[in-house]
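Provide a 3D model corresponding to the input given below.
(one chain, ligands or ions: 1)
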Amino acid sequence: MQQKHGGEQSALSSLTLHYANEKSGSEDEMGSYCLSDAGLTALGEGFTKLVRDVSYRPPGTQINLLNEVNICLPEKSFGLIFGRSGSGKTTLLQLIAGLTKPTSGSIYIQRYDNDGKPNQSPEQLTPERVGIVFQFPERYFITDNVLDEVTFGWPRQRGDLQLKELLAARLQRAIISVQIPNLLILDEPLAGLDWKARADVVKLLKHLKKELTLLVVSHDLRELASLVDHSWKMEMGGVLKEEPLSVQ
Ligand SMILES: Nc1ncnc2c1ncn2[C@@H]1O[C@H](COP(=O)(O)OP(=O)(O)OP(=O)(O)O)[C@@H](O)[C@H]1O
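Okay, here's the model as predicted:
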């Protein structure tokens, strides 16, 4: 498995997500790296910082679930987060997806020039730019297919063609606006599947990696290892550390 600039990143105490654009090539070719402890970033052209020093404490509680997390992840690469149950992996994905707000730290996109200087103001990583596949999809969906799901609330009675046309136009706009997320997040995509479905999902992820940046939480390290460019272990207490996969 190829682990890019793991040496630099393992020293990070906090987590920052970086993206590279298509023309920038691999991080190794660009000689890029990130030094988030010092708040410094030296990245190749087009790299994008997404998350920085993110901590999260649920309202009404006394303990942080996440502590100063940073991730650096180039565009169109595959990032894997693993770690023990209850360590905070899903909580982090929900923050990156914009479903929960961090207590401190920031989640945004920052592009860089060749010389490592930001080439524009940071852009917000809005929920429209992120797709998320939840760990237990049956908890979030009611019907068996996408069309039934998105038209679930439509009037059931015959007629009312004008209203249905209006709803169809709105639906089309909504679907187009979320069609191409910058980042696709998957929480335990292989869990509960039989061997055939698992192999199919791995194949699909390999295909999706050509188009999208993928951030995946999984315990199935062996099956995903060939896809992984960067991996992190979430320690109990919500501390994220870059750690190469050690699977045979
Ligand atoms: N809103 C909340 N308030 C208090 N505790 C919470 C809240 N949300 C999550 N937790 C707790 O935070 C911890 C981390 O949960 P999280 O689901 O992020 O872990 P995880 O690493 O994804 O676990 P798993 O691998 O089992 O899915 C758990 O102990 C969970 O019970």
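
Just the CA atoms of the host helix or strand of Ile176, as PDB, please.
Per DSSP states H and E: Ile176 is located in helix 161-177. C-alpha atoms of helix 161-177 as PDB (Å, rounded to 0.1, in the frame of the first residue of the first chain):
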ATOM      1  CA  LEU A 161     -51.000  17.700 -12.700                       C
ATOM      2  CA  GLN A 162     -49.900  21.300 -12.300                       C
ATOM      3  CA  LEU A 163     -48.800  20.800  -8.800                       C
ATOM      4  CA  LYS A 164     -46.900  17.600  -9.800                       C
ATOM      5  CA  GLU A 165     -45.200  19.500 -12.600                       C
ATOM      6  CA  LEU A 166     -44.100  22.200 -10.200                       C
ATOM      7  CA  LEU A 167     -42.800  19.500  -7.700                       C
ATOM      8  CA  ALA A 168     -40.900  17.700 -10.500                       C
ATOM      9  CA  ALA A 169     -39.200  20.900 -11.600                       C
ATOM     10  CA  ARG A 170     -38.200  21.600  -8.000                       C
ATOM     11  CA  LEU A 171     -37.000  18.100  -7.600                       C
ATOM     12  CA  GLN A 172     -34.900  18.300 -10.700                       C
ATOM     13  CA  ARG A 173     -33.200  21.500  -9.500                       C
ATOM     14  CA  ALA A 174     -32.500  19.900  -6.100                       C
ATOM     15  CA  ILE A 175     -31.000  16.800  -7.700                       C
ATOM     16  CA  ILE A 176     -28.800  18.800 -10.100                       C
ATOM     17  CA  SER A 177     -27.500  20.900  -7.300                       C
END
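
Identify the residues contacting the residue sitting furthest away from the middle of the chain.
No residue in the chain sits farther from the centre than Gly159, which is 42.3 Å out by C-alpha atoms, centre = their mean. With contact set as C-beta atoms under 8 Å, 6 or more residues apart in numbering, Gly159 has no partners. Heads up, the C-betas are built off the backbone N, CA and C, glycines and all.

Equivalent analysis for the one 3 residues further on, please.
Counting by C-beta under 8 Å, 6+ apart, Gln162 makes contact with nothing.

Walking through the protein, point out its strands one by one.
18-19, 33-35, 40-42, 48-56, 66-69, 78-83, 104-111, 123-124, 130-133, 183-187, 213-217, 230-235, 239-242 (DSSP state E).

Including mean pLDDT and distance to the ligand, could those go into CSV?
Shown next, in CSV, are these (pLDDT from 0 to 100; distance: least, C-beta to the nearest ligand atom, whole Å):
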stretch, mean pLDDT, distance to the ligand
strand 18-19, 35, 23
strand 33-35, 34, 24
strand 40-42, 37, 27
strand 48-56, 81, 9
strand 66-69, 96, 8
strand 78-83, 95, 6
strand 104-111, 80, 16
strand 123-124, 76, 23
strand 130-133, 83, 13
strand 183-187, 91, 7
strand 213-217, 92, 6
strand 230-235, 95, 6
strand 239-242, 94, 11
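
Which of these sits closest to Val201?
strand 183-187 (8.8 Å; C-beta to C-beta).

From the chain's centroid, how far away is the closest one?
Here strand 183-187 is found 4 Å from its chain centre; the criterion is C-alpha atoms, centre = their mean, to the nearest Å.

could you check the angle strand 78-83 makes with that strand?
Angle, strand 183-187 to strand 78-83, by axes from the mean of the first three to the mean of the last three C-alpha atoms, to 10 degrees: 30 degrees.

who in this structure is up against the ligand?
Pro58, Thr61, Leu65, Ser85, Gly86, Ser87, Gly88, Lys89, Thr90, Thr91 (C-beta under 6 Å from any ligand atom).

Ramachandran coordinates for the third one?
Main-chain dihedrals, Leu65, degrees, to the nearest 10: phi -80, psi -30.

That one - how many residues pack around it?
20 (other C-beta atoms under 10 Å).
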